[in-house]
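Visitor: Sequence and predicted structure are below.
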Amino acid sequence: MCEWGKGHNALGGFFRAYDRLLQLTGVVVGAVIGLAAVGIGVDVLLRNLGFGSIFWMLEVVEYSILFVAMVGTAYVFQIGRHVSIDLLTNSLPPRSKHIVGLIALVVTTAVSAVLLTWGLITTIKSFESGAVVYKHFTYPEWMPLALVPFGFLLLTIECLRELWALIAGEPAPAHEDDLEGL
């Protein structure tokens, strides 16, 4: 079998495009984090100088956190920078480590797929109901909710890729273990 995205078939083309999309999400999420940090800093500075606060900054940061969590998760998972506890698995023999990894990946894939389905249903219901959020900004409720199925779709795809690679005995699709300093 060829490595993911390296083949010349339609699936390889899909995964090359998907990998580019994930790289883009990483860049956009980084920019959102940077802009939120600057916005918070400016807001705090203005308050401390007696100019009052930027009244909408908290709301922007709240939705930035949702955006970062939903859109960035699959990218972080792909490059192997997700949170993992390997104290136990590092002490296991290779076969047991493989089995535990397989079980963890199956559970992660299933949970991700369930949350994708829930997010999609919730977003569609919100769209159909015409619900609106009234805070500093007024917007349809489905708009921030749509981040949930989008993020979990990306994560489910990435989990399935990793699961397939693990079952096939191939290396993880795109883990970058050489990103020291990032």
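Guide: Yes, it's here.

Visitor: In the helix or strand harbouring Ala110, which residues are buried?
Guide: In this assignment (DSSP states H and E), Ala110 forms part of helix 94-129. Within helix 94-129, the residues scored as buried using 16 or more other Cβ atoms under 10 Å are 101, 105, 108-109, 112-113, 115-116, 119-120, 122-123, 126. No exception for glycine: its C-beta is placed from N, CA and C like everyone else's.

Visitor: out of these, who's nearest Leu88?
Guide: Using Cβ to Cβ, Gly101 is the member of the buried residues of helix 94-129 that lies nearest Leu88, at 11.4 Å.

Visitor: wait, isn't the closest one in contact with Leu166?
Guide: Yes - using Cβ atoms under 8 Å, Gly101 is in contact with Leu166, at 6.3 Å.

Visitor: if we can go back for a sec, can you tell me which helices and strands the helix holding Ala110 packs against?
Guide: With contacts defined as 3 or more Cβ pairs under 8 Å, 6 or more residues apart in numbering; DSSP states H and E, helix 94-129 has these neighbours: helix 142-145, helix 147-168.

Visitor: Out of the ones you listed, the one nearest Phe14 is which?
Guide: Closest to Phe14 of these is helix 147-168 (Cβ to Cβ; 9.5 Å).

Visitor: mind listing what's buried in the closest one?
Guide: For helix 147-168, a neighbour-count test (16+ other Cβ under 10 Å) marks 147-159, 161-163, 165-166 as buried.

Visitor: orientation of the helix holding Ala110 relative to helix 147-168 in degrees?
Guide: Following axes from the mean of the first three to the mean of the last three Cα atoms, to 10 degrees, one obtains 160 degrees for the angle between helix 94-129 and helix 147-168.

Visitor: Heading C-terminal from helix 94-129, find the next helix or strand.
Guide: Following helix 94-129 in sequence, per DSSP H and E, is strand 132-134.

Visitor: That following strand: partners in the sheet, and parallel or antiparallel?
Guide: strand 138-140 (antiparallel) (DSSP bridges).

Visitor: Can you tell me what sits against the strand it pairs with?
Guide: Contacts to strand 138-140, defined as Cβ atoms under 8 Å, 6 or more residues apart in numbering, come from residues 126-127, 130-133.

Visitor: would TSV of those with pLDDT be doable?
Guide: Listed next are the contacts of strand 138-140 as TSV, based on pLDDT from 0 to 100:
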residue	pLDDT
Ser126	97
Phe127	97
Gly130	96
Ala131	96
Val132	95
Val133	92
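
Visitor: quick one: which two of these are the most distant?
Guide: Across those, no pair lies farther apart than Phe127 and Val133, at 13.1 Å, counting by Cβ to Cβ.

Visitor: wait, which of the contacts of strand 138-140 is closest to Tyr63?
Guide: Nearest to Tyr63, judged by Cβ to Cβ, of these is Val133 at 10.0 Å.
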